[in-house]
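Peer 1: This is a predicted model, with the sequence first.
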Amino acid sequence: MTGETESLAALVARIRQWGTELGFGAVTIADIDLGSAEEGLERWLAAGFHGGMDYMARHGMKRARPAELVPGTLRVISARMDYWPQADDAGAALADPARAYVSRYALGRDYHKVLRKRLQQLADRIAAVAPHGYRVFVDSAPVLEVELASRSGLGWRGKHTLLLDRSAGSWFFLGELFTDLPLPVDAPVTPHCGSCHACIDACPTGAIVEPYRVDARRCISYLTIELDGAIPEDLRPLVGNRIYGCDDCQLVCPWNRFARITAEPDFSPRHRLDQATLCELFAWTAAEFDERTAGSAIHRIGHERWLRNIAVALGNAPTTPEVLAALRARSDDPSALVREHVAWALARHCPAGRDARR
């Protein structure tokens, strides 16, 4: 038994080394007993905080039971990969209402593709020396990825519910490799948020309703990415110029002073998305949207929601001839969803009693 334990420990050391070679910032091993997380998940779902993400409720407690998701699973290998890009200053983009703000994680190639490929390569390397049953996950199934990562010492859960690490902040992606190998597990790390509540104070819509609890229905990332219909009118002014996702809670986090610029070229900005104005992006045709977001996380929201989001941001922008012209050009858009948000934006610039065509 001692020999087997030593052999598995040696394998974990090799897994970490392979992870480094494949571009991961760290790799840890988690146990699959997440029973203590079920109550919190149930309360979150019961409160309706998942909004229109019906799949969250549909999968129920399977998220907290890895062996039900993949029978035979004994451990979960959690890995993180830095994504903070060499891009135009995020603060400057948010401060300029004429510019479009895209969440830093979505400026480059779709992280699902990048991480899935690397995790598959990691699984293959493991299989070459220790054949195993496994499955790779990157936001592709009901997995409590932050819970698994925090329990195995990859970081701790911050008050914004994201994973934090003292040496890397939170600007990283997570991916998992479910395996039937009985690998020795890693211990959790001590949380280091203390009395800080910068992330809670910074949330534009008050979506972080209390430490470690987010109401997705108010979160700008949910509103601009997951929400399929109209963005609630009372929240539209709070969206500002954020057209895809929101990073505010991370931008103010003190631990992100230690975040590293990613070494992964796939996460570098494409098509000037870190510098573009709202008006130029609003002019993209459906064909241009498909071409320029191909292979990007942005592509899945589609052209209609892209225009919806930008229309809201244009409604929050200063009134200029360029902004008005851009909105009027879409006032007869084939999409009722787009027309509604354009009309709202024009009304913001041209209150009742004024001719919106002037």
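Peer 2: Received, thanks. Residues are numbered from 1 along each chain as shown.
Peer 1: How about the contacts made by residue 136?
Peer 2: 116, 119, 120, 123, 175, 176, 177, 178 (Cβ atoms under 8 Å, 6 or more residues apart in numbering). Every C-beta, even on glycine, is put in place using the N, C-alpha and C of the backbone.
Peer 1: How about residue 260?
Peer 2: Counting by Cβ under 8 Å, 6+ apart, residue 260 makes contact with 25, 82, 84, 168.
Peer 1: What helix or strand is it located in?
Peer 2: Using DSSP states H and E, residue 260 is not contained in any helix or strand.
Peer 1: Spatially nearest residue to residue 120 (excluding sequence neighbours)?
Peer 2: residue 136 (5.5 Å; Cβ to Cβ, 6 or more residues apart in numbering).
Peer 1: isn't there a strand covering that neighbour?
Peer 2: Yes. Counting by DSSP: H, G, I helix; E, B strand; the rest coil, one finds residue 136 located in a strand.
Peer 1: Could I get the contacting residues of the closest residue to residue 246 other than its chain neighbours?
Peer 2: The shortest distance from residue 246 to any non-neighbouring residue, by Cβ to Cβ, 6+ apart, is to residue 220 (3.7 Å). Contacts for residue 220 (Cβ under 8 Å, 6+ apart) come out as 204, 205, 207, 238, 239, 242, 245, 246.
Peer 1: Would you mind measuring from residue 220 to residue 77?
Peer 2: Computed as Cβ to Cβ, to the nearest Å, the residue 220 to residue 77 distance reads 32 Å.
Peer 1: Tell me if I'm right that residue 82 and residue 266 touch.
Peer 2: No. Using Cβ atoms under 8 Å as the test, residue 82 is too far from residue 266 to be in contact (12.0 Å).
Peer 1: between these two, who's got more neighbours?
Peer 2: For residue 82 versus residue 266, the count of surrounding residues by other Cβ atoms under 10 Å is larger for residue 82: 21 against 17.
Peer 1: Pairing partners for that one in the sheet, please.
Peer 2: Beta-bridge partners for residue 82, by DSSP bridges, are residue 172.
Peer 1: contacting residues for it?
Peer 2: By Cβ under 8 Å, 6+ apart, residue 82 lies in contact with 25, 168, 171, 172, 259, 260, 261, 262, 263, 264.
Peer 1: thought the second one was touching residue 24?
Peer 2: No. Taking contact to mean Cβ under 8 Å, the distance of 11.1 Å between residue 168 and residue 24 leaves them out of contact.
Peer 1: sorry, back to before: Serialize the contacts of residue 260 to TSV and add fields for secondary structure.
Peer 2: Output for these, formatted as TSV (three-state DSSP):
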residue	secondary structure
25	coil
82	strand
84	coil
168	coil
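Peer 1: ok, of these, which one's closest to residue 342?
Peer 2: Among the contacts of residue 260, residue 84 lies closest to residue 342 (Cβ to Cβ), at 33.9 Å.
Peer 1: quick one: the closest residue in space to that closest one that isn't next to it in sequence from residue 221, how far?
Peer 2: Of all residues not flanking residue 84 in the chain, residue 171 sits nearest, at 3.8 Å (Cβ to Cβ, 6+ apart). Using Cβ to Cβ, we find residue 171 at a distance of 15 Å from residue 221.
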